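Visitor: Show me how the following folds:
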Amino acid sequence: MNISKLTAENIRNIASVSIEPGEKFNIIVGKNGSGKTSLLEAIYILGAGRSFRSRKNTQLISFEKPQLTVFAKINDGSSLGVEKHRNGENRIRINAENKNTVAALAQML
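Guide: Numbering: from 1, shown residues only. Model prediction:
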């Protein structure tokens with residue numbers, strides 16, 4: 001399955017981004033510190049429910065923001081999202097339903 005639309009808010013240095021990636025090949029370019037790795041981290045969070053860079057939510061969330069949100073539409077019409085809060089609380093939603101396990105995320109992607 002492919003991501004047809006990705007939206008991320010308050011993840012590291014990204015205040016808000018929305019992209020519609022191509023189905024086969026995408027190139028992410030930009031200056032140092034522009035958010036390229038943070039964008040990849042957002043995609044990883046959707047599949048694994050956690051970051052590949054840090055286990056602490058406070059290190060992922062933009063400065064002085066209460067939570068980060070990553071949301072994706074999948075090309076089959078499904079949707080999934082992850083919220084991570086400063087207090088350590090996490091929320092996973094698939095097709096507008098709350099889920100209790102990250103395994104459901106991995107299965108979707």
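Visitor: Could you use CA atoms for every contact and neighbour count after this?
Guide: OK.
Visitor: residues near Asn87, how many?
Guide: 11 (other Cα atoms under 10 Å).
Visitor: how about Ile45, secondary structure?
Guide: In three-state terms, and counting by DSSP: H, G, I helix; E, B strand; the rest coil, Ile45 is helix.
Visitor: check contacts around it.
Guide: Ser51, Val70, Val82 (Cα atoms under 8 Å, 6 or more residues apart in numbering).
Visitor: Pretty sure Glu9 sits against Leu68.
Guide: Yes: using Cα atoms under 8 Å, Glu9 makes contact with Leu68 at a distance of 5.6 Å.
Visitor: Show me the contact partners of the helix or strand of the chain with the lowest mean pLDDT.
Guide: Here the helix or strand of the chain ranked lowest by mean pLDDT, DSSP states H and E is helix 103-108, holding a mean of 77. Helix 103-108 has contacts (Cα under 8 Å, 6+ apart) with Met1, Leu46, Gly47, Ala48, Gly49, Leu80, Ile94.
Visitor: go again using 6 Å as the cut-off
Guide: With contacts defined as Cα atoms under 6 Å, 6 or more residues apart in numbering, helix 103-108 is touched by Gly47.
Visitor: who's more crowded, Glu9 and Leu68?
Guide: More neighbours surround Leu68 than the other of Glu9 and Leu68, with 25 against 21 (other Cα under 10 Å).
Visitor: For Lys99, give its distance to Gly49.
Guide: Between Lys99 and Gly49 the computed distance is 11 Å (Cα to Cα, to the nearest Å).
Visitor: One more: Glu83?
Guide: 9 Å.
Visitor: what do the two both touch?
Guide: When contacts are counted by Cα under 6 Å, 6+ apart, Glu83 and Gly49 have no shared neighbour.
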